[in-house]
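*Asks:* how would this look folded up:
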Amino acid sequence: MKGEKRRHFYSTSSHEFGIWWASKGMGLGPHKRVQRGIVSGAFNGLPPSEHPEVAPHVLTSLKNEFDFNLPKIFERRASRDGTIKYLFELEDGRKVESVAIPFHKKYTLCLSSQVGCAMACTFCFTGTQGLTRNLETHEIVGQYLSVWRDLNREGKHKMTPNIVFMGQGEPLHNFEGLKSSIEYLMETPGLSLGPKQITVSTVGHLPGLLRWDELPPVNLAISLHSPFEEERSKLIPMNKAYSIEKIFAVLRKLPWGKRKLINFEYLLLGDENDSRDHAKELAKIIGEFPSLVNLIPFNPYPGSPYLRPSEERVEQFKQWLVEEKVRTMVRVTKGDEILAACGQLANQFK
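*Replies:* Residues are numbered from 1 along each chain as shown. Modelled structure (predicted):
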């Protein structure tokens with residue numbers, strides 16, 4: 001194997017690993033226990049030096065033929081509310097961020113799918129960076145494993161955290177990386193996340209949304225932010241090509257039911273999109289879908305052109321939606337003091 005590039009273990013599916021295992025003359029069965037132990041960190045993320053069910057030559061081949069490196073934690077910051085922001089350095093020197101958000105003794109991990117972002121949304125700090133490249137499967141899965149192992153030091157967080165693909169990048173713009181990462185996270189022994197544990201947030205990247213049924217049945221969150229086409233195009237330039245109506249036309253063809261909701265995310269910008277007319281029109285256009293509206297008070301970042309609405313205004317907007325019989329909730333802001341809240345990720349720590 002000298003001089004050959006090693007395969008990334010954290011992008012090798014359980015099926016592919018089984019094929020590799022059988023090629024070494026080993027019977028199937030122990031390979032899942034070994035994979036589970038490596039992925040869960042039971043062997044410190046590396047193959048064991050010896051194992052009662054595994055021939056020594058197989059363990060040696062495992063170490064030599066696979067790459068077990070995870071993205072390096074370059075910096076780690078914790079806020080007063082328990083939110084933790086991680087800055088990762090990748091193999092090519094690029095950096096991305098992930099955020100661990102505490103909810104009732106369990107964490108939700110906000111993962112990045114790209115280095116930077118091409119969507120150029122005017123309310124998002126990441127959008128000021130532009131797009132550098134897509135993240136590969138092992139880099140997306142690697143964020144999850146690195147953060148989980150950090151949280152689980154001393155066995156404090158053994159349960160697998162939930163995931164929101166809401167970090168840097170537009171997830172559906174990196175569809176292949178997103179798809180393979182979700183499949184790995186759901187199918188690999190040691191993780192085996194359920195579909196309800198994973199949410200994909202998108203501004204409505206239509207080419208990716210048209211392929212939604214290729215993904216496992218995970219949760220979908222649509223970043224709407226305005227019910228009016230012209231205003232939404234100012235906030236999300238991509239809307240000029242992929243309008244609200246085009247997005248909704250795709251959503252109408254997907255199988256929804258009473259137990260399966262679309263999360264419509266609505267970023268409240270002070271004196272911009274928080275009027276009663278906005279609330280009434282929002283209720284009108286989403287009424288055909290089983291849905292929940294997540295209201296997100298804007299989180300300012302250095303040089304941001306928008307203001308955060310007052311708590312009174314947020315509560316008033318919520319009440320207007322309730323009057324229109326819209327299921328809604330206000331997302332509690334966490335980690336804003338360390339630029340870890342929604343829309344604040346741009347590889348800057350303070």
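*Asks:* and residue 118, how many neighbours does it have?
*Replies:* Other residues near residue 118 come to 16 when the count uses other Cβ atoms under 10 Å. Just so you know, the C-beta spots here come from the backbone N, C-alpha and C atoms, and that holds for glycine as well.
*Asks:* low pLDDT regions in the stretch 201-350 of the chain?
*Replies:* 257-259, 334-350 (pLDDT under 70).
*Asks:* what about 50?
*Replies:* Counting by pLDDT under 50, the stretch 201-350 of the chain contains low-confidence residues at 338, 340, 343-346, 349.
*Asks:* what sits against the spatially most central residue of the chain?
*Replies:* In the chain, the C-alpha nearest the mean C-alpha coordinate belongs to residue 165, at 1.5 Å (Cα atoms, centre = their mean). By Cβ atoms under 8 Å, 6 or more residues apart in numbering, the residues touching residue 165 are 111, 113, 171, 178, 198-201.
*Asks:* let's see which of the residues you listed end up in strands.
*Replies:* In strands, judged by DSSP state E, the following of those are found: 198-201.
*Asks:* can you pull out the helices in the stretch 101-250 of the chain?
*Replies:* Under the criterion DSSP state H, counting those that start in this stretch, the stretch 101-250 of the chain contains helices at 137-151, 175-187, 206-209, 229-235, 244-253.
*Asks:* select, out of those helices, the one closest to residue 40.
*Replies:* Closest approach to residue 40 among those is made by helix 137-151 (8.8 Å; Cβ to Cβ).
*Asks:* outline the domain layout of this structure.
*Replies:* Domain assignment for the chain by automatic domain parsing gives 7-67, 72-338.
*Asks:* highest mean neighbour count out of the ones you listed?
*Replies:* Of all the domains of the chain, domain 72-338 carries the top mean neighbour count, a mean of 18, counting by mean count of other Cβ atoms under 10 Å.
*Asks:* OK, contacts around residue 6?
*Replies:* 64-67.
*Asks:* quick one, grab the pLDDT at it.
*Replies:* Residue 6 carries a pLDDT value of 93.
*Asks:* quick check: it vs residue 68, distance?
*Replies:* 9 Å (Cβ to Cβ, to the nearest Å).
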